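Peer 1: Please work out how this folds:
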Amino acid sequence: MRKVDVLIVGGSLSAAGTALRCRQAGLETLVLERKKLPRHKMCSGILSPRGHRFLKENFGKIPEEALHTPKLCRGVNFLFPDRSQMPMDFIEGPTPHLHRKFSDCWAIKSAGVDIDEETEVVSFEDKGDRVVVEAKNPEGPISYEAKYMVGADGPRSTVVNHLYPEYRKKLKWFMVMQKYYKAETDLSEEFFHFFIDDTLGHYPWTHIESGEWIVGVGGFLQDNMKHRHERVVEVMKQRHGFVIGKEVRKEGCPENFGLSLTNRYEFGKGRILITGQAAGFLNMMAEGMSCALHSGSHAGESVAEALQTNKNVEEIYRLRVQDEVKHCSDQWNPFQILVAQPHEANLKQGLFAQGPLKAAYWSKEMIKFCKQFHGLGWGKDILRGSLRRILTGDYGTPYSIPKK
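Peer 2: Numbers count the residues shown, from 1 in each chain. Coordinates of the predicted model:
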């Protein structure tokens, strides 16, 4: 049985943030990654300015092989039913277009800790003074013991599922599906394009990645994703000159979308912390990389402080991570959107760039788009959190796992 100070589950960007802070604190740290690195990760790779700052300050220059082409993204462009477009530049300028297969590998290895690849967690137990973990690799069962464990293993987190066996049943899961095409379109290659059109589902988008246009769509698990995707492709042909050369491949995954809207993050319990999207962090436009890096670093800092002071690590983490809760939940807060710039893209400038009449039309279409989410029970939680943010400056204690 290998014994370490900190065991991190998952070789993600949030794991890299945690591992870096633990290594800087002089802690013996081990990452368990169930696949062999570098491994594929379904993600647009379009990093927010805040995430870019974190990588530069903590890991240095991003290597060329960790970037797609085009290497930079200017911002987000909203596409409307009348063919009009509302481009919004990132306020700090273009940001890197990460190739997640290689950027995750670069970041986690740059953190300077040991990694056990092709190692999957089977079970674990918090013994009160340590965590005992049973795992498996190609050679068979393997055991670990750690003073603390951090779950950084994404939306379908094994760690969260073991801590809260009923978790997945109590969430509203969404399915995201995307297809890659060799194609041409009149849309700019400099933006991530999002369709504000309530006839196209909850999350329709397109952007170019290393010479291939990705067309994606999101919806509930029970929705006909094939039909929804065909509809988006048809709209692209009609409105944006989309000409398909050939379909290259397709992929899909479930997402725990909605936790950051309603302040229902899960941070773990006892000697086990949860970070990144496993905890519920997800920014607007489904960019989770920046909050993964920041929340991961908070987890590492919390473990280091707990070992130095013998204080409760969960309490330390819940306090430290509140700035990330604030930043992430602000992305969905209508009052913050009106008075601040939580998205790091210039929404106000983009909205009024073509005059008040166009701004009124775009606003109407955005409201119609948001009405698709009616019935999920999120409205009261968003309003409650928004009002608390105004009155107290924060969102308070997360509600934890939603009731069924």
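Peer 1: Could you use CA atoms for every contact and neighbour count after this?
Peer 2: Fine.
Peer 1: Now for the residue most central in space within the chain: which residues touch it?
Peer 2: What sits nearest the mean C-alpha location of the chain, by C-alpha atoms, centre = their mean, is residue 288, with 2.0 Å. Contact partners of residue 288, counting by C-alpha atoms under 8 Å, 6 or more residues apart in numbering, are 276-277, 281-282.
Peer 1: so where's the chain shaky on pLDDT?
Peer 2: Low-confidence segments of the chain (pLDDT under 70): 168, 398-404.
Peer 1: Longest helix of it, counting residues only.
Peer 2: When the chain is parsed with DSSP state H, its longest helix is helix 289-309.
Peer 1: end to end, how far does stretch 39-47 reach?
Peer 2: Stretch 39-47 has an end-to-end distance of 19 Å (C-alpha to C-alpha, to the nearest Å).
Peer 1: related to what we said a few turns ago, past the longest helix of the chain, which element shows up next along the chain?
Peer 2: helix 313-320 (DSSP states H and E).
Peer 1: in the longest helix of the chain, what's buried?
Peer 2: For helix 289-309, a neighbour-count test (16 or more other C-alpha atoms under 10 Å) marks 289-307 as buried.
Peer 1: on that earlier part again, would you format the contacts of residue 288 as a markdown table with distance to residue 340 and neighbour count included?
Peer 2: Compiled in a markdown table, the contacts of residue 288 are given as follows (distance: C-alpha to C-alpha, whole Å; neighbours: other C-alpha atoms under 10 Å):
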| residue | distance to residue 340 | neighbour count |
| --- | --- | --- |
| 276 | 24 | 31 |
| 277 | 24 | 29 |
| 281 | 20 | 33 |
| 282 | 19 | 28 |
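Peer 1: and which of the residues you listed is nearest to residue 94?
Peer 2: residue 282 (20.5 Å; C-alpha to C-alpha).
Peer 1: what about the closest residue to that closest one other than its chain neighbours, distance to residue 223?
Peer 2: The spatially closest residue to residue 282, leaving aside those adjacent along the chain, is residue 288, at 4.6 Å (C-alpha to C-alpha, 6 or more residues apart in numbering). For residue 288, the distance to residue 223 equals 24 Å [C-alpha to C-alpha].
Peer 1: where does the residue nearest to the centre of the chain fall, phi/psi-wise?
Peer 2: phi -110, psi 0 (degrees, to the nearest 10).
Peer 1: Stretch 90-98: end-to-end distance?
Peer 2: End-to-end for stretch 90-98, by C-alpha to C-alpha: 16 Å.
Peer 1: same question, stretch 129-140
Peer 2: End-to-end for stretch 129-140, by C-alpha to C-alpha: 27 Å.
Peer 1: swap in stretch 264-275?
Peer 2: For stretch 264-275, the end-to-end distance is 13 Å (C-alpha to C-alpha).
Peer 1: ok, residues contacting it?
Peer 2: 14, 126, 128-131, 147-152, 159-160, 163, 259, 278-281, 292, 295-296, 299, 312-314, 317-318, 398-402.
Peer 1: Tell me which of the residues you listed fall in helices.
Peer 2: Those of these lying in helices (DSSP H): 14, 159-160, 163, 259, 292, 295-296, 299, 313-314, 317-318.
Peer 1: Identify the residues contacting the nearest residue to residue 116 once chain neighbours are set aside.
Peer 2: Once flanking residues are discounted, residue 116 sits nearest to residue 32: 5.0 Å by C-alpha to C-alpha, 6+ apart. For residue 32, the contact set (C-alpha under 8 Å, 6+ apart) comprises 7-11, 115-121.
Peer 1: can you tell me which two in these are farthest apart?
Peer 2: Among the contacts of residue 32, 7 and 118 lie farthest apart (C-alpha to C-alpha), at 15.1 Å.
Peer 1: Looking at these two now, which is surrounded by more residues?
Peer 2: residue 7 (27 against 15; other C-alpha atoms under 10 Å).
Peer 1: Is that one bridged to anything, and to what?
Peer 2: residue 30, residue 149 (DSSP bridges).
Peer 1: got it, and residue 73?
Peer 2: In beta-bridge terms (that is, DSSP bridges), residue 73 pairs with residue 95.
Peer 1: returning to what we had before: out of the contacts of stretch 264-275, which end up buried?
Peer 2: Buried, going by 16+ other C-alpha under 10 Å: 14, 126, 130-131, 147-152, 159-160, 163, 259, 278-281, 292, 295-296, 299, 312-314, 317-318, 398, 401, out of the contacts of stretch 264-275.
Peer 1: And the strands in the stretch 101-250 of the chain?
Peer 2: In the stretch 101-250 of the chain, the strands defined using DSSP state E, counting those that start in this stretch lie at 114-116, 120-126, 131-137, 140-151, 174-184, 191-195, 205-209, 212-220, 243-255.
Peer 1: Minimum distance to residue 353: which of those strands has it?
Peer 2: The nearest among the strands of the stretch 101-250 of the chain, by C-alpha to C-alpha, is strand 191-195 at 16.8 Å.
Peer 1: Could you figure out how far that closest one is turned away from strand 205-209?
Peer 2: Per axes from the mean of the first three to the mean of the last three C-alpha atoms, to 10 degrees, the angle that strand 191-195 makes with strand 205-209 is 160 degrees.
Peer 1: And the contacts of strand 191-195?
Peer 2: 46, 73-80, 87, 203-207.
Peer 1: make it 6 Å
Peer 2: In this structure, residues lying in contact with strand 191-195 by C-alpha atoms under 6 Å, 6 or more residues apart in numbering are 73-79, 204-207.
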